[in-house]
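Trainee: Need a 3D model of the following:
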Amino acid sequence: MAGKGPHCSFVLLAEFDIDSGAQLTYQFPQPLGTDEGLLANLMLPDGAERHLEDWTIFFLNQTPFNTIAPVLALETESSDNQSNGEDGHPELLYVLNLVRTKHDKSVRRGAVVKAMAICTRHPFIQIFKPVLLLALDDYFANPSQECLARLFDAINSMNISAAPALTRSEKVIMRASERKDIFAEKFSFQLPPLPPKAAHKTTGSNGSHSSEDGVLIGSRARSTTVASDPNPAHPPSPSDTSFSLGGSAVWVNDDSVIIDSQVGVAIGAGPGSVGGASVSSSSVLTSRGRRSTDTSSNSSHAYSGGAIPTSSDPHLRSGISKDTHFFQTSIAYKGHTLPIKLPLATFPEEVGEYSLIQLIQTFSTPLITISGPLHPHLHTNGSLTHPIIILFNALVTGKRILFLGHNIPAGQVANYVLSACALGSGCGAVLRGFIERAFPYAGLAGGEDWVSTPAYIAGVTNPIFETSGSWDLLMDIGTARVVVHKDIHVSFPPTMAPPALVNPMMPRPIKVENSVGSEDDIQRIATRDGKEGSQKSEFAAKPDCLDNMFIEDLISAITSHFGETLVRMRFTEYVARFVRLASRYEEVAAGLTKLGYASAPFVDGSLGSGIVFPDEAAAFKELATNASRIEGWRRSKSYQYCVQDFRKSRATAAIQGFDLSHQLSRLRLVKNLPDAEVVLIVRSIADNVRTYEQVIELLACMPPHAGGLQPLSFCLFHQHESIREATVDIFNELRQYPVGVIFLQALNHFQRYAYVRQAHARESRMKDLNHGLAPPPHMASRTPSNRSEVSLGGI
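Mentor: Below is the predicted model:
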């Protein structure tokens with residue numbers, strides 16, 4: 001997590017002079033080598049004197065006019081101003097600026113306006129707000145360059161070397177989970193690594209019962225005095241009466257299920273332990289007077305003991321965060337120790353404290369007005385296209401977007417721009433290329449430069465930019481107006497679809513009787529912008545459009561007080577589906593795709609791939625609705641980045657050989673799935689989930705808000721034994737890791753009991769085989785779970 005270079009590359013100080021205007025007073029530790037007038041005007045936004053305090057955000061190293069060129073390199077060997085990105089351009093610098101107005105009748109104009117800014121390579125710039133507040137107070141009291149030097153040194157002394165560096169899949173899991181102990185094992189310091197395979201083996205401990213490898217997972221006991229035999233002659237057998245799942249006692253010798261609510265609070269049993277039981281050396285007396293013995297084993301991957309804080313464990317263990325979504329550190333400034341919560345699941349396209357809820361609520365009011373011509377790239381549902389969908393379409397198709405906030409603090413306008421960037425990128429988890437063309441606050445100074453940037457996303461407070469006309473979509477924050485420029489058809493003339501769409505030799509979706517996907521739809525896509533009479537069909541508004549239903553669901557969730565996390569995850573799913581839909585569109589239009597797996601059904605024992613639809617009629621209906629904006633997106637830089645990212649992710653994916661998202665979508669969405677396909681899906685997942693990286697990749701595709709492991713858990717009740725056995729194999733592997741146990745604990749009691757019962761039965765069979773005992777008659781020839789004597793009405 002520490003990365004390269006200092007946390008703070010530069011500190012800037014600007015002041016407003018009544019005679020000469022905005023002036024850049026100090027640049028520490030050295031001049032940036034760029035236009036000082038531009039920096040001063042960005043730090044002192046229009047109308048700053050009307051607000052006592054305001055925060056603004058802008059970026060450096062974006063374009064030639066704001067690229068820095070310091071004379072001397074920083075002391076750090078790999079500094080921010082020297083490091084280059086993938087395309088050879090200097091690394092982006094994020095600038096957090098605080099401007100303050102102090103009224104003073106003794107000075108001209110009766111006020112003093114000063115601004116202080118820090119330049120950092122971290123997108124989570126909000127963590128530096130407290131220390132920047134102190135530093136600007138310090139400068140008002142003692143205006144000297146020493147204040148900038150103290151701030152520079154204080155920020156760069158912040159220690160984040162112990163912060164865990166998460167992979168993309170781990171970040172996706174963390175941001176989707178509300179558990180405050182997610183990945184808590186990564187906060188254990190200086191722990192000896194466990195051998196990958198040896199860590200899966202269970203060891204017996206005094207008074208506790210353990211099973212064979214891969215069935216039970218427990219945890220190290222909180223007590224370090226429990227002795228264990230590393231090489232037992234005969235592995236202890238599981239209890240004949242109970243089986244533990246994450247410390248919850250589940251009885252298997254009758255029809256009852258007992259869950260101890262006081263156990264299993266953490267990733268395992270008791271508060272502060274991971275895995276099996278809080279007490280591994282003694283049995284636990286349950287509420288029915290029975291004795292249930294939990295298990296103890298070694299958890300693999302980065303955890304080998306120590307306690308994990310939970311809601312029931314308020315005492316913070318040394319070096320472990322109370323909320324593992326953040327790494328807790330501190331900044332010391334002039335005798336003040338400021339606690340800092342460093343977010344661990346932030347993507348580069350997420351800058352600052354943006355709010356999708358605020359963005360949606362602002363442009364979803366009943367008084368909102370939408371004006372301007374309809375354009376096929378923007379209005380995917382004609383006149384009924386929601387403003388947020390218009391904004392998303394403009395973002396992905398590369399339109400020039402202007403957020404106007406007249407008489408609104410520049411910091412609020414900047415937050416709308418940053419929220420829009422997160423919206424278009426799927427909260428940074430799917431697409432990229434938005435931040436590099438974003439100008440959270442832009443003013444008249446340097447206006448001719450940023451206005452000339454293709455597909456810019458800018459925030460302004462001066463209404464003069466509305467009259468300039470150099471934008472394609474205007475989002476007025478104050479009046480809730482959405483305006484499409486009258487000349488957008490000139491700037492982005494409609495283009496013909498690829499001829500392959502109407503080529504009878506090219507594969508196309510199967511036509512279904514009485515479906516929307518008819519030959520007329522194909523013809524309309526091919527001629528949507530070029531032939532007379534297509535305008536009416538292209539902009540037909542449908543109240544039941546999927547996009548409108550999606551926004552209505554979000555508004556309903558916000559009204560019901562669901563948090564920002566859910567809204568972000570829903571938009572991440574929305575953008576990911578858009579990409580998979582574009583991949584299918586490319587196949588129809590060009591015969592191949594660069595964005596994803598080629599679409600294929602399950603045939604002759606081969607798994608399918610690509611996006612999943614309820615039927616081909618729904619598939620073609622959605623393709624026809626999205627064709628225009630997909631065509632617009634394919635001409636954008638974001639599309640090029642997506643192609644590169646897919647090629648890289650496919651080469652480095654932990655699970656290879658099949659489209660994992662497709663298989664999970666089939667389990668989640670399709671009714672009457674063929675048994676042969678279910679067998680192959682669960683068996684393929686079981687065979688390819690053997691390592692920590694593979695487990696994480698699987699769980700990243702099964703977020704809690706979408707049901708978590710529920711699609712797989714239904715396979716525990718399938719009539720075919722092979723499907724149930726493969727599902728148990730998958731869950732057994734998940735139990736080897738604390739994060740997997742968290743997902744298993746999220747299942748309902750009925751699903752957990754089904755897993756525990758089947759895993760216990762398997763252990764019993766293996767124990768009998770190991771002792772040379774023949775299996776009982778009812779075990780030798782088992783019937784499907786839904787065809788037993790009990791289910792058929794027998795006795």
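Trainee: in the stretch 101-250 of the chain, what spans have low per-residue confidence?
Mentor: Regions of the stretch 101-250 of the chain meeting the criterion pLDDT under 70 cover residues 188-250.
Trainee: residue ranges of the helices in it, please?
Mentor: Applying DSSP state H, counting those that start in this stretch to the stretch 101-250 of the chain gives helices spanning 129-141, 145-156, 168-176.
Trainee: List of residues touching the shortest one?
Mentor: In this case it means helix 168-176. Helix 168-176 has contacts (CB atoms under 8 Å, 6 or more residues apart in numbering) with 166, 182-183, 324-325, 344-347, 427, 429, 565, 568-569, 572, 693, 696-697, 699-700, 703-705, 739. All C-beta atoms are positioned from the backbone trio N, CA, C, and that covers glycine.
Trainee: Count the neighbours of residue 605 for me.
Mentor: 9 (other CB atoms under 10 Å).
Trainee: Quick check: nearest residue in space to it, chain neighbours excluded?
Mentor: residue 680 (6.6 Å; CB to CB, 6 or more residues apart in numbering).
Trainee: which phi and psi does that neighbour have?
Mentor: Note on residue 680: backbone dihedrals following degrees, to the nearest 10 are phi -70, psi -40.
Trainee: What of residue 439?
Mentor: The phi and psi values for residue 439, taken as degrees, to the nearest 10, are phi -130, psi 90.
Trainee: Could you look up the SS state of the nearest residue in space to it that is not next to it in sequence?
Mentor: Of all residues not flanking residue 439 in the chain, residue 458 sits nearest, at 4.2 Å (CB to CB, 6+ apart). Secondary structure for residue 458, judged by DSSP: H, G, I helix; E, B strand; the rest coil, is strand.
Trainee: Verify the stated contact: residue 458 with residue 399.
Mentor: No. Applying CB atoms under 8 Å as the test, residue 458 and residue 399 come out as separate, 12.0 Å apart.
Trainee: follow-up on the earlier one: now, of the helices of the stretch 101-250 of the chain, which is deepest in the fold?
Mentor: Of these, the one with the most neighbours on average (mean count of other CB atoms under 10 Å) is helix 168-176, at a mean of 22.
Trainee: so how far is it off the chain centroid?
Mentor: Chain-centre distance of helix 168-176: 6 Å, with CA atoms, centre = their mean, to the nearest Å.
Trainee: Only C-alpha atoms, please: export that helix in CSV.
Mentor: Output of helix 168-176 as CSV, limited to C-alpha atoms (Å, rounded to 0.1, in the frame of the first residue of the first chain):
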residue,chain,number,x,y,z
ARG,A,168,-9.3,-5.9,-7.5
SER,A,169,-11.4,-8.9,-6.4
GLU,A,170,-10.7,-8.2,-2.8
LYS,A,171,-11.7,-4.6,-3.2
VAL,A,172,-14.9,-5.6,-4.8
ILE,A,173,-15.7,-8.0,-1.9
MET,A,174,-14.8,-5.4,0.7
ARG,A,175,-16.8,-2.6,-0.7
ALA,A,176,-19.9,-4.9,-1.1
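Trainee: Now stretch 448-462: average pLDDT?
Mentor: Stretch 448-462 shows an average pLDDT of 89 in the prediction.
Trainee: who touches that stretch?
Mentor: Counting by CB under 8 Å, 6+ apart, stretch 448-462 makes contact with 45-47, 62-63, 65-66, 395, 398-408, 410, 413-414, 416-417, 420-421, 434, 437-444, 468, 470, 636-637, all of which sit outside it.
Trainee: Give me the buried subset of the residues you listed.
Mentor: The neighbour-count test (16 or more other CB atoms under 10 Å) marks 45-47, 62-63, 66, 395, 398-406, 408, 410, 413-414, 416-417, 420-421, 434, 437-443, 636 as buried among these.
Trainee: Restricted to helices, list those.
Mentor: 395, 410, 413-414, 416-417, 420-421 (DSSP state H).
Trainee: Those residues: which two are farthest apart?
Mentor: For those, the farthest-apart pair by CB to CB is 395 and 410; their separation is 21.3 Å.
Trainee: quick revisit: I'd like the helices of the stretch 101-250 of the chain written out as CSV, with distance to residue 621 added.
Mentor: Shown next, in CSV, are those (distance: least, CB to CB, whole Å):
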stretch, distance to residue 621
helix 129-141, 47
helix 145-156, 53
helix 168-176, 29
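Trainee: need the helices for the stretch 501-650 of the chain, in chain order.
Mentor: Under DSSP H, counting those that start in this stretch, the stretch 501-650 of the chain gives helices at 519-526, 534-538, 546-559, 564-590, 616-633, 637-652.
Trainee: Kindly reformat these as TSV and extend each row with distance to residue 51 and mean pLDDT.
Mentor: TSV is the format used below for the helices of the stretch 501-650 of the chain (distance: least, CB to CB, whole Å; pLDDT from 0 to 100):
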stretch	distance to residue 51	mean pLDDT
helix 519-526	50	38
helix 534-538	45	45
helix 546-559	28	94
helix 564-590	25	94
helix 616-633	38	90
helix 637-652	34	95
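Trainee: before we move on, the earlier item: how much space separates the residue nearest to residue 605 from residue 663?
Mentor: Look at residue 680 and residue 663: by CB to CB, to the nearest Å, they are 9 Å apart.
Trainee: more neighbours, these two?
Mentor: For residue 680 versus residue 663, the count of surrounding residues by other CB under 10 Å is larger for residue 663: 24 against 20.
Trainee: How much space separates that one from residue 729?
Mentor: Relative to residue 729, residue 663 is positioned 15 Å away (CB to CB).
Trainee: And for the residue nearest to residue 727 when sequence neighbours are not counted, the neighbour number?
Mentor: Leaving out its chain neighbours, the residue that sits closest to residue 727 by CB to CB, 6+ apart is residue 715, at 4.2 Å. The number of residues packed around residue 715, counting by other CB under 10 Å, is 23.
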